[in-house]
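*Asks:* fold the following and give me the result.
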Amino acid sequence: MTIQDSSLQSQNPVSSAQNSVGNVHYAVSHALSHPTEQTIQEAQNAIAQAERAMEQAKSHSDQPAVQQAQQELEQERSRFQSLQ
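*Replies:* Coordinates of the predicted model:
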């Protein structure tokens, strides 16, 4: 992959949303396995970032990838709720 390809991908709202949801999965998993104030806050921050990314992706597209990312985000929110 060239630098140009990477740059173009990072500007795509759909891929940004998908990456954000992936970050939420990691952060929630980390908070579940090591529940500290810091890991819980990191998970909350990741969820907030993913929500912003999802809003941008939805405004650009309503393709199946966006819908799938939204479903995955909802699943991660449910997992996170078990901490509270």
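
*Asks:* centroid residue for this structure?
*Replies:* With the centre of the chain defined as its mean C-alpha position, the nearest residue by CA atoms, centre = their mean is residue 21, 2.0 Å away.

*Asks:* contacts for the helix or strand harbouring that one?
*Replies:* Counting by DSSP states H and E, the element that carries residue 21 is helix 13-33. Contacts to helix 13-33, defined as CB atoms under 8 Å, 6 or more residues apart in numbering, come from residues 9-10, 39-40, 42-43, 45-47, 49-50, 52-54, 56-57, 59-61, 63, 65-66, 69, 72-73, 76, 79-80, 82-83. Every residue, glycine included, has its C-beta placed from N, CA and C.

*Asks:* right, and the helix or strand after that helix?
*Replies:* Toward the C-terminal end, the helix or strand that comes next after helix 13-33 (DSSP H and E) is helix 37-60.

*Asks:* now that following helix and helix 13-33, what's the angle there?
*Replies:* Using axes from the mean of the first three to the mean of the last three CA atoms, to 10 degrees, the direction of helix 37-60 lies 160 degrees away from that of helix 13-33.

*Asks:* the next helix-or-strand element following helix 37-60 - contacts with which helices or strands?
*Replies:* Remark: after helix 37-60, the chain's next helix or strand is helix 64-81, criterion DSSP H and E. Here helix 64-81 is seen to pack against helix 13-33, helix 37-60 when contacts are counted using 3 or more CB pairs under 8 Å, 6 or more residues apart in numbering; DSSP states H and E.

*Asks:* so for the first one, what gets flagged as buried?
*Replies:* Think helix 13-33. Buried positions in helix 13-33, judged by neighbour count with 16 or more other CB atoms under 10 Å: 13-21, 23-25, 27-28, 30-31.

*Asks:* repeat for the longest one
*Replies:* Neighbour-count burial for helix 37-60 flags 39-40, 42-44, 46-47, 49-51, 53-54, 57-58 (criterion: 16+ other CB under 10 Å).

*Asks:* reformat those as CSV; add pLDDT.
*Replies:* Formatted as CSV, the entries for these read as follows, by pLDDT from 0 to 100:
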residue, pLDDT
39, 97
40, 97
42, 98
43, 98
44, 98
46, 98
47, 98
49, 98
50, 97
51, 97
53, 96
54, 95
57, 93
58, 90
